[in-house]
Structure formats: structure tokens, C-alpha cells
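Enquirer: Following is a predicted model, sequence given first.
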Amino acid sequence: MTTRTPRSAVPRATTPAPATTPPATTPPPTTAHAPADLTVPTAPTAPTAHAGPAVADADDAAPWRAFGRFWWLQVVAQLCSRSAQFVFPLIAVTSFGAGAAAVGVVNALQFLPVFAVSLALGGMIDHWDRKRAFVVAYLINVAAFAAVPAAAFAGLDPVLVLVAACAVVGTSIAFTDLCAQTMPPDLVPGRLLVRANSRMEVVYNAGQIAAPGFAGLAVQLLGGSSTLVLMAVLSAGSAVLASRLLLARRTVAADTPPLRARLTGAVDGVRILLGHRVLRVLTAQAAMFNLLEQAVLTLYLVYAVRTWGFSPGLVGVTITVGGVGTVLASLAFGVFGDRVRPVWALVGGMGVASLTPALIPLATGPAAVRAVWGAAAFFLFGLGMTAYNIFAVSLRQRLAPPGSLGRVSAGYRLLAFGPIAFGAVLGGAAGEWLGLLPALWITVAALAVCWAVFAHRALRVADRIEAEWATTR
């Protein structure tokens, strides 16, 4: 799961207290960790037993207009970035005859920058003008994508340029994804974060579904060079959309920490995550889940082909069904998310995602039946994982100390995404040493055990989660 990753000042509208509430008993307004680059009035709320989503549409028009521009930016940018993950390897194989080792290098160059960017830039994002950073990053992508066909036209070695372009685009995507994680809290008030993050999950998941087909068809119909020109055009469109973001330029405080402190921002983010009881529980579960989920996915790819006799296309179809589940969950929580208690969404969503992979080793019968079992496992997995992600991301955005969300996001990417590569190695090694089916059962059982531990820990801090959720609305 990659979970994956979160991208003119807009005043947040106020919601007047009901007329029946005496002014003397109206509590003081609470803030949702207002970021440094926005001066945002927060809404006074009347004391109620349940904080609900009853907000006038007119009051939310300005935040949603600002968020809408960011959302459309992410639609274009995510299609481009997710497609690039397939375009570069496909061009390496179809245009340059690259072997498996070379394709592995191309893929590594796209994903390894996540660690470098998180470590080097995590502490700087909180002090940068993110609107300008988005524009510059997308323009760099334009140059990188266009460099490969330009090199071929000029008679230069396009292979070396392709390798360099992979590294540049991978670094840029890692940076813009990290920036995007810090954006929603600056565009909408805390009470709207669940809806906002639900809409962002739709974009991310739809991109994951559409990107492989889009990349394959583009390379097949247009050829490698023309496809890269198309990617450059999408990047240019992203830069134009980024320039229209309704986000005030961030003013760097006079007490900006020195360069050395900013370079260790991801480490500071790790300290914040581990020092907060709720964030520590969520981060630990994300790290363990990503490790084991990647092991299960690695084993499934081999198990489905060798044991079930699936074609690569059928394997892809069963996994793609999981993307449909993520989109449906994103849409549902975008409508009803405000009515769901965060603790139950976290525990229940993670439970569904952790327990349903057991359908894979349980599957029996002919290939068609097993395909249904596999598709059902990934569909339910997508539903549960998306429910968890929406509330986990919203909590992290709410609970990060003011001015530190960039560092916290960078630290989270290090702790939660780092185990993914180890999970792939773990799954492959377990399959070789123990056999595919025993290894599947062990990793599936480990997922269930980790969820049980997480559920116990989350329920122990349930009151604190509910309190933090209520006070940052």
C-alpha cells in the first residue's frame, strides 16, 4: 500500500451560534491549528453533545472554492505522475530493448527519491511558499519529460537522458506529493477535513486505476517520444493550475531555524509522531501494515500465476477491482464521513483491510471462482484501507503542531513507507523458503495479529482521539 503519499488567502466563514444559546454559555472559539500562511477566523460553536456537520452551505463556499482549485490540480498532476511510473519502464523496454535489470533500475530511480526528499526537504516545506514550489516542480517535470525526445532528435544518447529524467521526475513527484499532504488544512476548516480528504482519496485512487491503461495506450498509439511530449504538456497544465491556487504566500517567521535544523526536519517529524500517543499508535500500525501488506501482494502475484494458473492480465484485473473499492469508499465517506466516529472508522477500516486477505489462501474451486475470491479480497481491502486512511490522515493533519505539518508528513513517510521495500523482500524470501501457500497463511495471520494489537491500543486511547477530534473541528 502506498499509501501511498496529501498541493489568495481564503477566510474561513463563521457559523453563528443558535439564537437559543445564551451568549454567556457560548464557549470561546477553538482553532484547527491555523497554518502560518493564512490568517483565518475560526467559527464559534455552540456546546452540543455531538459535534455535527450542520454548516450553512454559504459559509463553506469560499473554502470549497479554494479546495476545488487544488483538487483539479491534483487530478491532472496525479494522472501525470502515476502514468510516469509506467511510461518510463514501458519506453525502456519497447524503445530501447531494456532487460529486467535495466527496468529495475528505472523503477528504483522513480521511488528511491521518496527517502531522500523526506530527509532533506521535510523540514523546509513548513518555511516555503508552496504555491511557488508547486509551479517550479511541475516546470522541472516539463523539462525532464521533453529532454528525452529532444535528445533523440539531436542525435544524443536518449538512454542516458531517460535515466536522468527518471531520477529528476521521481524527485519532483516525491516533493509535490509531500507538499500536497500539507495543503488541505490550509484550505478548509478542521470540521471539513474528512470530506476534503475523502475527495483527495478519490483522485489518488482513480489515478492508480487509470494510470496503467492510460500509459500503455499512449505508448502503443503515440510511441515513446510523443508520449513523453504528452506528459510534458500535462506537467505544464499542472504548473498553470498551481499558479491559480487560492493560497497566500507563506511568510517566513523571523525566528526561522537555521539550515541544519531544517535539513533534519524529517527527524523532528519522527520525534513529534513518536511523542504523541495517538499519532504513535497510528504510525506504528501503518508501518507494520505496509510491511505485511506488501509481502502478501508479492506472494499473491506469484501464487496466482503458478498455483492458480492465472494470466498476468487476470491477475491485474483482480487487483484493479481493489481500486474500485477505494473509489467507492472515498465517495461514501465524502458524503457521510462527518457522521462517523473516528475511532470506529480507524479500527473497523483497518480490520476489514487486515482480515480480508485471508480470502486468498482460502479460495478453492475452478479458476473463475478463485478469481472472484481474489477480486473480493482486494475489493474489501480497498474499502477498509480507504476508510482508515481518510481518518488517519485527517487526524495527523489536525494533531500536528502549528507550522510542523511538513516535518510530520516527512517523518511519517519515512516510518510508514520505508517498510514497503522490506515487505517485498520478506514476501519473496518467505515464499522461496516456506512455500507459497504456507508463507501466505503466515503473513495473513500476522496481519490479523497486528490488527488485534492496534484495535486494543486504539480503543485504549479512544477517549483522547474523540476529544482531539472534537476540539480541532
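Expert: Structure's in. What do you need?
Enquirer: Low-confidence stretches in the stretch 151-300 of the chain?
Expert: 212-213, 248-266 (pLDDT under 70).
Enquirer: give me the number of residues near Gln220?
Expert: 11 (other C-beta atoms under 10 Å). In this view, the C-beta of every residue, glycine as well, is placed from N, C-alpha and C.
Enquirer: Same question for the one 3 residues further on.
Expert: Here the number of neighbours of Gly223 (other C-beta under 10 Å) works out to 15.
Enquirer: List the contacts of it.
Expert: Ser95 (C-beta atoms under 8 Å, 6 or more residues apart in numbering).
Enquirer: now Thr176
Expert: So Thr176 contacts Arg7, Ala77, Ser81, Phe134, Ala137, Tyr138 (C-beta under 8 Å, 6+ apart).
Enquirer: Scan the residues you listed and report the most crowded one.
Expert: Ala77 (28 neighbours).
Enquirer: Could you pull out the buried residues of the helix or strand hosting that residue?
Expert: Ala77 belongs to helix 57-94 when assigned by DSSP states H and E. Neighbour counts over helix 57-94 (16 or more other C-beta atoms under 10 Å) mark 60, 62-64, 66-67, 69-71, 73-93 as buried.
Enquirer: With stretch 403-420 instead?
Expert: Quick answer for stretch 403-420 (16+ other C-beta under 10 Å): 403-417, 419-420.
Enquirer: wait, isn't Ser225 in contact with Pro149?
Expert: Yes. Between Ser225 and Pro149 there is a contact at 3.8 Å, judged by C-beta atoms under 8 Å.
Enquirer: I'd assumed Trp451 was in contact with Met288.
Expert: No. The criterion here is C-beta under 8 Å, and Met288 misses it with Trp451 at 9.2 Å.
Enquirer: how near is Phe417 to Asp177?
Expert: 10 Å (C-beta to C-beta, to the nearest Å).
Enquirer: cool, and Ile140?
Expert: Distance from Ile140 to Asp177, by C-beta to C-beta: 14 Å.
Enquirer: which of the two has more neighbours?
Expert: For Ile140 versus Asp177, neighbours defined as other C-beta under 10 Å are more numerous around Asp177 (23 against 18).
Enquirer: buried stuff in the strand or helix carrying the more buried one?
Expert: Here Asp177 sits within helix 158-181, counting by DSSP H and E. Using 16+ other C-beta under 10 Å as the test for burial, helix 158-181 gives 158-159, 161-163, 165-181.
Enquirer: Kindly report the same for stretch 272-285.
Expert: Ile272, Leu273, His276, Val278, Leu279, Arg280, Val281, Leu282, Thr283, Ala284, Gln285.
Enquirer: Quickly find the element holding the fourth one.
Expert: Looking back up the chat, that one is Val278. helix 277-306.
Enquirer: Flag every buried residue along that helix.
Expert: 278-304.
Enquirer: try stretch 335-345
Expert: Quick answer for stretch 335-345 (16+ other C-beta under 10 Å): Gly337, Asp338, Val340, Pro342, Val343, Ala345.
Enquirer: Repeat that for stretch 461-470.
Expert: Val461, Ala462, Ile465, Glu468, Trp469, Ala470.
Enquirer: Redo those as JSON lines? Include secondary structure and pLDDT.
Expert: JSON lines is the format used below for those (DSSP: H, G, I helix; E, B strand; the rest coil; pLDDT from 0 to 100):
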{"residue": "Val461", "secondary structure": "coil", "pLDDT": "85"}
{"residue": "Ala462", "secondary structure": "helix", "pLDDT": "86"}
{"residue": "Ile465", "secondary structure": "helix", "pLDDT": "83"}
{"residue": "Glu468", "secondary structure": "helix", "pLDDT": "74"}
{"residue": "Trp469", "secondary structure": "helix", "pLDDT": "74"}
{"residue": "Ala470", "secondary structure": "helix", "pLDDT": "72"}
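Enquirer: And Ser394, what's its pLDDT?
Expert: pLDDT, the model's per-residue confidence, is 83 for Ser394.
Enquirer: check contacts around it.
Expert: So Ser394 contacts Leu193, Val194, Asn197, Pro342 (C-beta under 8 Å, 6+ apart).
Enquirer: Next, it: secondary structure please.
Expert: Assigned with DSSP: H, G, I helix; E, B strand; the rest coil, Ser394 falls in the helix class.
Enquirer: Next: Thr364.
Expert: Strictly by three-state DSSP, Thr364 counts as coil.
Enquirer: Give the burial count for it, as a bare number.
Expert: The burial count for Thr364: 8, using other C-beta under 10 Å.
Enquirer: List of residues touching stretch 230-241?
Expert: 69, 72-73, 76-77, 79-80, 83-84, 87, 134-135, 138-139, 141-142, 145-146, 218, 222.
Enquirer: Would you pull up how far that stretch lies from the middle of the chain?
Expert: 21 Å (C-alpha atoms, centre = their mean, to the nearest Å).
Enquirer: List the buried residues of that stretch.
Expert: Those would be Leu230, Met231, Ala232, Leu234, Ser235, Ala236, Gly237, Ser238, Ala239, Leu241, for stretch 230-241 by 16+ other C-beta under 10 Å.
Enquirer: Helices of the stretch 251-400 of the chain, start to end?
Expert: 259-263, 265-275, 277-306, 312-336, 342-355, 359-362, 367-399 (DSSP state H, counting those that start in this stretch).
Enquirer: Those helices: which one's closest to Pro185?
Expert: helix 367-399 (4.6 Å; C-beta to C-beta).
Enquirer: quick one: the closest one to helix 342-355, angle?
Expert: Following axes from the mean of the first three to the mean of the last three C-alpha atoms, to 10 degrees, one obtains 150 degrees for the angle between helix 367-399 and helix 342-355.
Enquirer: and after helix 367-399, which helix or strand comes next?
Expert: Next element after helix 367-399 (DSSP H and E): helix 405-412.
Enquirer: could you give the angle of that following helix to helix 265-275?
Expert: Using the same axes, to 10 degrees: helix 405-412 against helix 265-275 is 80 degrees.
Enquirer: what does the average pLDDT come to for helix 405-412?
Expert: On average, helix 405-412 scores 78.
Enquirer: starting at the chain centroid, how far to it?
Expert: Counting by C-alpha atoms, centre = their mean, helix 405-412 comes out at 13 Å from the chain centroid.
Enquirer: What count of nearby residues applies to Gly216?
Expert: Neighbours of Gly216 using other C-beta under 10 Å come to 14.
Enquirer: was I right about it contacting Ile91?
Expert: No. Counting by C-beta under 8 Å, Gly216 sits too far from Ile91 to count as a contact (11.3 Å).
Enquirer: wait, what's in contact with Leu273?
Expert: Leu273 touches Leu279, Arg280, Thr283, Val408, Gly411, Tyr412, Leu415, counting by C-beta under 8 Å, 6+ apart.
Enquirer: Now with 6 Å, please.
Expert: Leu279, Thr283, Gly411 (C-beta atoms under 6 Å, 6 or more residues apart in numbering).
Enquirer: Export these as JSON lines, with columns for distance to Leu447.
Expert: As requested, those are arranged in JSON lines below (distance: C-beta to C-beta, whole Å):
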{"residue": "Leu279", "distance to Leu447": "22"}
{"residue": "Thr283", "distance to Leu447": "17"}
{"residue": "Gly411", "distance to Leu447": "24"}
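Enquirer: I am finished for the moment; much appreciated.
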